[in-house]
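> no FASTA, just this:
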């Protein structure tokens, strides 16, 4: 059996490793368009912010290491097209192309940054932050003492992490967001208002509800023009979302979502025979929404990739589903979310309730006590938890893991109020903030 995997990052390499362990006689080939595999783009903002200096930490394995396990990884090979009827691929390498065949195929081509339709993006000093080369280039630019003013366009997870990195590097930072609040797709306003306050208090110039119209300059960026003004910039980082890398499948007949993501079932199977997919190029089953959604997170890519690897080897595993659990650090704040936000529950027509509380992270006689905010979304009649969001200072975000477990197991707010969480004065109060939130819910 010949297994071919397109894409050598989280989902693809997780699948290759698992398939190798289970299908010991299979021939496994991975095509990767770039020169780096097993790359974790999540580390890029922290590399730029000098949390660590060695970029190799973001690439866990090499092609040679996989070769020693019996997996052939071909870097610098881009798949141009898929003929599903013939079960063949057209592959390009250094300007030449050739045809390869497969018995079972996995598509794990990930996603790329989605650039806004504005002039000036091709100038020097303008960066995305998706690939290893992006991080190396941005860090070099940040270290130039002549680069003093930085503009970040977009306030999603990566945008806010980049803002923090640039603040740590001593830059004068301006954040421009089209929506009326930061990170609106992931968090509700009760959480984002505190993130906005933190940004402003740390010297970030925050522009909400403002549309970027053009990047200024002649070959090198010098500023940003919006519908409300012009601002000087030595560096511009564009963080306006991602788009699945699936254009090469346009003539393949494969079913895709509106944004181009490959539709897969709970086994990772696509609409084409003998073709699976996972990672940032594919949909994923949401365990609360009970439908396929697009949630490009590294945790999902690794888990679903591993499961697809089993199925490539002949298993029939089903993915239990995602909750979209995610965490974010913004300067001195931590925020986490899981399950449904209020806006998602409302869009689904669910009869829901919410509760928002502010409490303290631990006892007042231990140093470092600070506020912690919790929002719960729950079903009105059953009081079953549907989602939760948490914001606070150091250590606060780990409580989101408890909510993820609670939602997965169908816990109600009443049960949450009496759950036996660990207590010691440096870590919590005798009634943990999650207990309090559960008991306040009506």
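Right, received. Where do you want to start? Bear in mind the structure is a predicted one, so any value in this text is a computation, not a measurement. Numbering: from 1, shown residues only.
> Please enumerate the strands of the stretch 101-250 of the chain.
104-107, 111-113, 126-127, 149-153, 172-177, 205-208, 212-217, 221-226, 230-232, 235-238, 242-244 (DSSP state E, counting those that start in this stretch).
> residues contacting the closest residue to residue 365 other than its chain neighbours?
Spatially, and ignoring its direct neighbours in sequence, residue 365 is nearest to residue 425 (6.7 Å; CB to CB, 6 or more residues apart in numbering). Heads up, the C-betas are built off the backbone N, CA and C, glycines and all. Residue 425 makes contact with 362, 363, 365, 366, according to CB atoms under 8 Å, 6 or more residues apart in numbering.
> got the contact list for residue 98?
Residue 98 touches 90, 91, counting by CB under 8 Å, 6+ apart.
> picking up where we left off before, most tightly surrounded among the strands of the stretch 101-250 of the chain?
strand 104-107 (a mean of 28; mean count of other CB atoms under 10 Å).
> Tell me the gap between that one and the middle of its chain.
Averaged C-alpha coordinates place strand 104-107 at 23 Å from its chain's average position (CA atoms, centre = their mean, to the nearest Å).
> Quick one: mean pLDDT over it.
If you average the pLDDT over strand 104-107, you get 98.
> Show me what it is packed up against.
strand 2-6, strand 275-277, helix 298-312 (3 or more CB pairs under 8 Å, 6 or more residues apart in numbering; DSSP states H and E).
> so which of these gets nearest residue 144?
helix 298-312 (29.9 Å; CB to CB).
> Need the residue closest to the centroid of the protein.
Centroid-nearest residue in the chain: residue 297, 3.5 Å away (criterion: CA atoms, centre = their mean).
> got the contact list for it?
Contacts of residue 297 (CB under 8 Å, 6+ apart): 322, 324, 326.
> hey, which of the helices and strands packed on strand 104-107 is tucked in deepest?
Greatest burial across the helices and strands packed on strand 104-107, using mean count of other CB under 10 Å, falls to strand 275-277, with a mean of 28.
> Which stretches in the stretch 301-442 of the chain count as strands?
Here the stretch 301-442 of the chain has its strands, by DSSP E, counting those that start in this stretch, at 326-330, 333-339, 352-360, 371-379, 385-392.
> avg pLDDT for the first one?
This points to strand 326-330. What strand 326-330 shows for mean pLDDT is 96.
> buried stuff in it?
By neighbour count on 16 or more other CB atoms under 10 Å, the buried set for strand 326-330 is 326, 327, 328, 329, 330.
> Is it possible to get a markdown table of the contacts of residue 297 that adds distance to residue 344?
Output for the contacts of residue 297, formatted as a markdown table (distance: CB to CB, whole Å):
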| residue | distance to residue 344 |
| --- | --- |
| 322 | 13 |
| 324 | 9 |
| 326 | 13 |
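> and which of those is nearest to residue 338?
Distance to residue 338 across those (CB to CB) is lowest for residue 324, with 6.8 Å.
> remind me which residues of the stretch 151-300 of the chain are low pLDDT?
Applying pLDDT under 70 to the stretch 151-300 of the chain picks out no residues at all.
> what sits against the closest residue to residue 94 other than its chain neighbours?
Spatial nearest neighbour of residue 94, excluding adjacent residues (CB to CB, 6+ apart): residue 76 at 6.8 Å. If you count contacts by CB under 8 Å, 6+ apart, residue 76 has them with 32, 33, 34, 35, 93, 94.
> from memory the third one sits against residue 130, does it?
No - between residue 34 and residue 130 there is no contact under CB atoms under 8 Å: 10.5 Å.
> what sits in contact with each of these two?
With CB under 8 Å, 6+ apart as the test, residue 34 and residue 130 reach no residue in common.
> got the buried residues for stretch 384-398?
384, 385, 386, 387, 388, 389, 390, 391, 392, 395, 396, 397.
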